[in-house]
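In: sequence below, structure please.
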Amino acid sequence: MVIDPKHLELLRLFDEYGSVTAVADVTHRSPSAVSQQLRQAGSEIGHALVEPAGRGLTLTAAGRLLAHGGRDVARTLARVQAQWEGHLGEAVGEITLAGLPSALTHLLPDALRRLREDHPHIDLRMDDVDLAEHEFAGLTRDVNIVVAHSLVAERPLGTDGLTVVPLAREPIDVALAIDHRLADRAELTPDDVVDCRWVGVPRGYPFDTILTSIEHLTGRDLDVVQRIRDNRLIEAIVASSDQVALLPRFTTPRDAGLSLVPLTGVTTTRWIVAVMRPDTAERVAVRAVISALSRVDDAAV
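Out: Here you go, the predicted model:
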């Protein structure tokens, strides 16, 4: 019996996305068509590959084995494609990228210029997203490169099994209005800011770990007045009030009416990284984009 590679790819997708509906969405097929193809795969192979689980389906042991094989095949095909692109001597094709706006603001301008000069046949398509740290990994199902961040380590939560490439490190400072009583300080400690009113980020976002560290070190709860995702909105609130926040040093506008003061005593430097599926990371065009992004920060690290 010869296993059809299309069956392996279908099982790989089902394993990664977890449902017939999700596979149908990503492959632009109807759920009934996906279900039929799963049944056909099992019939041709001669073993049950999926079985009922609640209202849906789950892979059997045989299905999981073949899904794992599907990942190996996808990785091998990507490696051959990368070798062929290298043989042709040119990085070409569409590359999709998604990432948090503050990191992309820091990395993209020079990277786009470098790509225009060195790899004009790469078509880079971008989207901005702002998520909890553990949610970035899921985007690799749909885009080639995900730009994520973490204050804990260079490998964000949830990225086990994925390729992670460090792009930059960026300090996170305390942002205050220019007339705030602490704005002229050269640096601040947790004790200095524990009594401030804070504009935080949603729980689970990397910057929130700094606030948690301040609370741990001081033994006191912070007064987090509101939790907001958008840095531009945070800047506007801080600049016009006595509230303080945490903002990235390199991408916070210098004319925003803010003072950025380093915070000592806790970890305040974030890793900005590219997260990819291992097979995607093999592509020559993907490696060219990663190189352009990582070179941006040579002088800033």
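
In: tell me the pLDDT of R295.
Out: For R295, the pLDDT comes out at 61.

In: what segments of this protein are strands?
Out: 50-53, 56-59, 93-99, 122-128, 145-150, 163-177, 197-200, 223-227, 244-248, 258-261, 269-276 (DSSP state E).

In: direction included, what does the third one pair up with?
Out: Looking back up the chat, that one is strand 93-99. strand 122-128 (parallel), strand 145-150 (parallel) (DSSP bridges).

In: now the longest one
Out: If you go by DSSP bridges, strand 163-177 pairs up with strand 244-248 (antiparallel), strand 258-261 (antiparallel), strand 269-276 (antiparallel).

In: dump those into CSV; add mean neighbour count as well.
Out: C-beta coordinates here come from the backbone N, C-alpha and C atoms, glycine included. Shown next, in CSV, are those (neighbours: other C-beta atoms under 10 Å):
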stretch, mean neighbour count
strand 244-248, 25
strand 258-261, 21
strand 269-276, 23
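
In: need those strands in a markdown table with mean pLDDT, can you?
Out: Converted to a markdown table, the strands paired with strand 163-177 look like this (pLDDT from 0 to 100):
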| stretch | mean pLDDT |
| --- | --- |
| strand 244-248 | 97 |
| strand 258-261 | 97 |
| strand 269-276 | 94 |
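
In: hmm, back to that, just name the most buried of the strands paired with strand 93-99.
Out: Sort these by mean neighbour count, taking mean count of other C-beta atoms under 10 Å, and strand 145-150 sits at the top with a mean of 26.

In: mean confidence (pLDDT) on that one, please.
Out: Here the average pLDDT along strand 145-150 is 95.

In: what do you get for stretch 101-115?
Out: Stretch 101-115 comes out at a mean pLDDT of 92.

In: give me the contacts around it.
Out: 122, 124, 126, 128, 130, 147-149, 167-168, 170, 231, 248, 250-251, 272, 288-289, 292-293, 295-297 (C-beta atoms under 8 Å, 6 or more residues apart in numbering).

In: how about a cut-off of 6 Å?
Out: Outside stretch 101-115, the residues that touch it by C-beta atoms under 6 Å, 6 or more residues apart in numbering are I122, D128, V147, H149, N231, P248, F250, T251, I272, A292, L293, V296.

In: off-centre distance for stretch 283-296?
Out: With C-alpha atoms, centre = their mean, to the nearest Å as the basis, stretch 283-296 stands 16 Å off its chain's centre.

In: going forward can the numbers begin at 48, since that is how I track them
Out: Okay, residue one is now 48; in that scheme the one you just asked about reads as stretch 330-343.

In: in that stretch, what counts as buried?
Out: Applying a neighbour-count criterion of 16 or more other C-beta atoms under 10 Å, one finds 330-341, 343 buried in stretch 330-343.

In: with adjacent residues omitted, what lies nearest to I219?
Out: Leaving aside its sequence neighbours, I219 sits nearest to T315 (C-beta to C-beta, 6 or more residues apart in numbering; 4.7 Å).

In: could you do L229 as well?
Out: Per C-beta to C-beta, 6+ apart, closest to L229 is L223, 5.7 Å.

In: and that neighbour, how many neighbours does it have?
Out: If you count neighbours by other C-beta atoms under 10 Å, L223 ends up with 26.

In: show me the shaky parts of this protein.
Out: Flagging of the chain using pLDDT under 70 yields the residue ranges 342-348.

In: what is the biggest helix by length in it packed up against?
Out: Of all segments of type helix in the chain, defined using DSSP state H, the longest is helix 108-135. In terms of contacts (3 or more C-beta pairs under 6 Å, 6 or more residues apart in numbering; DSSP states H and E), helix 108-135 is packed against helix 52-64, helix 331-342.
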